[in-house]
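Student: The sequence and its predicted three-dimensional model are supplied below.
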Amino acid sequence: MSRAENSRTEKAPARARQYWLMKSEPDEASIDTLAKEGALPWTGVRNYQARNFMRDVMRIGDGVLFYHSSCPEPGIAGLAEVCSQPYPDPTQFDPKSHYYDAASKPDEPRWQLVDVKYVRKSALIPLAELRAHEELADMVVLRRGNRLSITPVTPAEWRFITTRLMG
DNA sequence: GCCAACGTTGGC
DNA sequence: GCCAACGTTGGC
């Protein structure tokens, strides 16, 4: 098949890869947990904006900065990748789960998640270092008062972090 | 443990 | 729809 033919018959290209920063408390799931498991369902998100990112915007193959939060050394600990379509978070229906949501009905689940797979661990990039780089001044996660556990990352921010701040 | 900042809830 | 009260996040 010629190059031109091939380009005509290819299905419409998926949208360009997008990038995210996802916070996890290492006590619950660290980059080492992810490395060991290979992939994890991103359970426990109970914020509508973060849910909407997973449910409506994320695509398989999107890049993820894996961030350790609420711990002695907050910062980016490695890279991961979105590896599933969105589906209902099972913990919302489990009365024993910390994330149980009695108001969510199985036929109309309120919380959706994606699976995230391990790519690689990096030397920790501390929050203070992220703040020190002019190139990252507009990162959503660094905005004053930000509490969102999932935030978009621009291609330029991704490139800077993965090529300049990671080995 | 403190506390700023923010999201959610619920009375009105 | 307003908004005060409350709960949570998350760095320090």
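Tutor: In hand now; what should we look at? Residues are numbered from 1 along each chain as shown, chains lettered A, B, ... in the order given.
Student: Compute the first-to-last residue distance for stretch A:50-65.
Tutor: 15 Å (CA to CA, to the nearest Å).
Student: buried sites along it?
Tutor: A:50-51, A:53-55, A:58, A:62-65 (16 or more other CB atoms under 10 Å). All C-beta atoms are positioned from the backbone trio N, CA, C, and that covers glycine.
Student: CSV for those residues, including secondary structure and distance to DNA strand C?
Tutor: CSV is the format used below for the buried residues of stretch A:50-65 (DSSP: H, G, I helix; E, B strand; the rest coil; distance: CB to the nearest atom of the strand, whole Å):
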residue, secondary structure, distance to DNA strand C
A:50, helix, 9
A:51, helix, 13
A:53, helix, 13
A:54, helix, 15
A:55, helix, 18
A:58, coil, 17
A:62, coil, 19
A:63, strand, 19
A:64, strand, 15
A:65, strand, 13
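Student: and the residue of chain A found nearest DNA strand B, which of the three is it?
Tutor: Chain A approaches DNA strand B most closely through residue A:145 (2.0 Å), counting by CB to the nearest atom of the strand. At residue A:145 the chain is in coil, as set by DSSP: H, G, I helix; E, B strand; the rest coil.
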